[in-house]
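**Student:** only geometry, no sequence info:
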C-alpha cells in the first residue's frame, strides 16, 4: 500500500509527465464519446484542468488512470447534454441515392469526424473504427459511456456505477440496451478486419493508381458489389459498385492525372488525402477518404470534404505540379 501511494503521489506531483502519459488514450476515449476530433482535444484539456484542481483531494482509492477516465467521462457527458449526435450520411435515416441525383450539402450538421491514428493510443483497434464510432453516436450519451467503460476499458459494473453515480443494476441494464442497438446495426467484433495483408496493400496501391488515371472500370472492380460511399457534408449516400463508379465518373470534377493521393491512417483504417489539380497546375486538398476493406475489395469509403482535416492529419497544404505520383507494382 505504501509503494502504491508513493507511486500515485509521484504521478500527481509530476503533472506535466502525467498529461504526456495519458493524453493520447484519453483523446481516444473522448473521441469515442463525442465523435469529433477537435472537440475531443478540448475535452481532454478540460479533463486535465479539473484533475489539476482536484489533485489535492485525490485519496488513492483507485489508480490515477481510472480517476482520469472517470473525470473525462463526466466532462464528456456534460458536454453532450442537449447536443445532437454526430452522424454520417447513411445514419440520417434517408434512402440511398443514385449517381446523377442533385448533390445537396448541409455544413450545419455536426458530422462525425475521422481521427488520425497518430493522435491516439488504443489497446484494441476495433474500438476506434469509424463504423464503431458511428454506431456509438446512435446511443444515448449515458448508454454510450456505459458501453465504452464496460466493453472497451473492461471496467466492472461496480466501477462504472461509481463513476456515473448510479447502480450496478442500472449499468447492466444500460449495457444490455446498448448491445441490442449495436446488434441491430450489424456491428460485432467479427466485422472488424485484422491487419492488412500484402494483397490488401497491393489493392490500395492499385486504388490510388486508378484515381490518378481516373480509371472508372478499375475503381468499380476494386469495390464490393454492395459497397457504400458517403461524403459529408453532402447528404446523399450511395450503394453499389456500379453506382459509385457512375458518381465518380460524372460528378467528380477531376480528370486523368488530376487526382493524386497521399496515404495516411485514420480510425485504425487506411486513409488517403485526395488532391485536385488547380488552374495553375499544382494540387490542392479536395477530400480525405477513409477506407474499410473486406477481403480483396473495398466495402466502404467515407470521403470527408472538410479540407481542414488535411492539416490535422499532417498532410501537405498543396502538392507541386511536378508531384511524383507512385505507380502501382
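**Tutor:** Perfect, thanks for sending it. As the structure is a prediction and not an experimental result, all values here were calculated from the model.

**Student:** alpha carbons only for contacts and neighbour counts from here, please
**Tutor:** Noted.

**Student:** tell me how many other residues crowd residue 197.
**Tutor:** 11 (other C-alpha atoms under 10 Å).

**Student:** same thing with residue 153?
**Tutor:** Residue 153 has 16 nearby residues by other C-alpha under 10 Å.

**Student:** in which helix or strand does residue 259 reside?
**Tutor:** According to DSSP states H and E, residue 259 maps onto no helix or strand at all.

**Student:** now do it against residue 230, distance only.
**Tutor:** Using C-alpha to C-alpha, to the nearest Å, residue 259 is found at 18 Å from residue 230.

**Student:** can you check residue 129 too?
**Tutor:** The value you get for residue 129 to residue 230, if C-alpha to C-alpha is used, is 16 Å.

**Student:** so those two - more neighbours on which side?
**Tutor:** The residue with more neighbours, out of residue 129 and residue 230, is residue 230; 23 against 20, by other C-alpha under 10 Å.

**Student:** residue contacts, that one?
**Tutor:** By C-alpha atoms under 8 Å, 6 or more residues apart in numbering, the residues touching residue 230 are 88-90, 236-238, 301-303.

**Student:** adding neighbour count, distance to residue 105 and secondary structure, write the residues you listed out as a markdown table.
**Tutor:** Listed next are the contacts of residue 230 as a markdown table, based on neighbours: other C-alpha atoms under 10 Å; distance: C-alpha to C-alpha, whole Å; DSSP: H, G, I helix; E, B strand; the rest coil:
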| residue | neighbour count | distance to residue 105 | secondary structure |
| --- | --- | --- | --- |
| 88 | 27 | 12 | coil |
| 89 | 23 | 10 | helix |
| 90 | 20 | 14 | helix |
| 236 | 24 | 8 | coil |
| 237 | 23 | 11 | strand |
| 238 | 24 | 14 | strand |
| 301 | 20 | 18 | strand |
| 302 | 23 | 15 | strand |
| 303 | 22 | 13 | strand |
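
**Student:** between those, which sits nearest residue 161?
**Tutor:** The nearest member of these to residue 161, counting by C-alpha to C-alpha, is residue 88 at 30.8 Å.

**Student:** can you report phi and psi for that closest one?
**Tutor:** Taking degrees, to the nearest 10, you get phi -100, psi 160 for the backbone angles of residue 88.

**Student:** can you pull the contacts of it?
**Tutor:** Taking C-alpha under 8 Å, 6+ apart as the test, what residue 88 contacts is 111-112, 134, 230, 232.

**Student:** got a pLDDT number for residue 187?
**Tutor:** We have a pLDDT of 64 for residue 187.

**Student:** could you point out which element follows the helix or strand containing residue 176?
**Tutor:** Assigned by DSSP H and E, residue 176 belongs to helix 168-184. Sequence order places helix 198-213 as the next helix or strand after helix 168-184, per DSSP H and E.

**Student:** just checking, what packs against that following helix?
**Tutor:** With contacts taken as 3 or more C-alpha pairs under 8 Å, 6 or more residues apart in numbering; DSSP states H and E, helix 198-213 sits against helix 216-221.

**Student:** what is the neighbour count of residue 92?
**Tutor:** Residue 92 has 12 nearby residues by other C-alpha under 10 Å.

**Student:** how much space separates it from residue 114?
**Tutor:** Between residue 92 and residue 114 the distance is 18 Å, computed by C-alpha to C-alpha.

**Student:** for this protein, what are the low-confidence residue spans?
**Tutor:** 1-10, 60, 187-194, 327-329 (pLDDT under 70).

**Student:** max-length helix in it?
**Tutor:** helix 15-34 (DSSP state H).

**Student:** now that one: buried residues?
**Tutor:** 18-19, 22-34 (16 or more other C-alpha atoms under 10 Å).

**Student:** which residues are contacting stretch 270-288?
**Tutor:** Contacts for stretch 270-288 (C-alpha under 8 Å, 6+ apart): 254, 258-265, 289-292, 302-307, 309-310, 315, 317-322.

**Student:** center of the protein, which residue is that?
**Tutor:** For the chain, the residue nearest the mean C-alpha position is residue 114 (3.7 Å; C-alpha atoms, centre = their mean).

**Student:** what sits against that one?
**Tutor:** 36-37, 130, 266-267, 290 are the contacts of residue 114 under C-alpha under 8 Å, 6+ apart.
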